[in-house]
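**Student:** Okay, sequence plus prediction incoming.
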Amino acid sequence: MIPLILLDTDIASAFAKAGHFNILKELFGGVGITAGVYEELLTSLRHGYEYPKEIFTTADLVTLSEEEQKEYLKFVVKYVKIGRGELESIIVCLKRGYLFSSFDKRAISTATELGVNIITAGAILKGLIVKGVATEEGVLRIIRDIEISDNRVLEVDL
């Protein structure tokens, strides 16, 4: 199945650490990560974290085409403060019309500036309710689990 959404390392990790990565596939039908995100997740795996395994078995690995690789090499010089995984994801989304999701405000801003369709964590969480994938109570549990496991605060208006 072709993924409709590409996730960066941060958001994929947050859902996986909390034990809720599979719900993203349920919501979107398919989720993907680029090779750059895969490599970033390998670092966590090498440090003894198990959560990347769920991402590797659930997400589709999306590789850059030759044209996208050339575009990446141009952008990597211009957007030096964007990580490799985020930048690869943004380029693929730009070229293929996929959605991009990240917690990284700089990556979201860059994607928006380039005309990429983005979906925030808040919109994902609301989408779970709207599509009937989870109840509001279930989404509140997901938020709590992410906040605890990823040591972050999610401000979401459901």
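**Tutor:** Nice, thanks for sending it over. Numbers count the residues shown, from 1 in each chain.
**Student:** Which residues are in contact with the residue lying closest to Y51 once chain neighbours are set aside?
**Tutor:** Nearest-residue entry for Y51: A16, 4.1 Å, with adjacent residues in sequence omitted and distances by Cβ to Cβ, 6 or more residues apart in numbering. C-beta coordinates here come from the backbone N, C-alpha and C atoms, glycine included. Residues near A16 by Cβ atoms under 8 Å, 6 or more residues apart in numbering: Y51, P52, E54, I55.
**Student:** go again using 6 Å as the cut-off
**Tutor:** Neighbouring residues of A16 by Cβ atoms under 6 Å, 6 or more residues apart in numbering: Y51, E54, I55.
**Student:** again with I91
**Tutor:** Contact analysis of I91 by Cβ under 6 Å, 6+ apart lists E68, E71, Y72.
**Student:** Any stretches of this structure with poor pLDDT?
**Tutor:** Applying pLDDT under 70 to the chain flags residues 1-3.
**Student:** what about the strands in it?
**Tutor:** Applying DSSP state E to the chain gives strands spanning 5-7, 31-34, 60-62, 99-101, 117-118.
**Student:** The shortest one: how far from the chain's middle?
**Tutor:** Think strand 117-118. In terms of Cα atoms, centre = their mean, to the nearest Å, the centre of strand 117-118 is set 11 Å apart from its chain centre.
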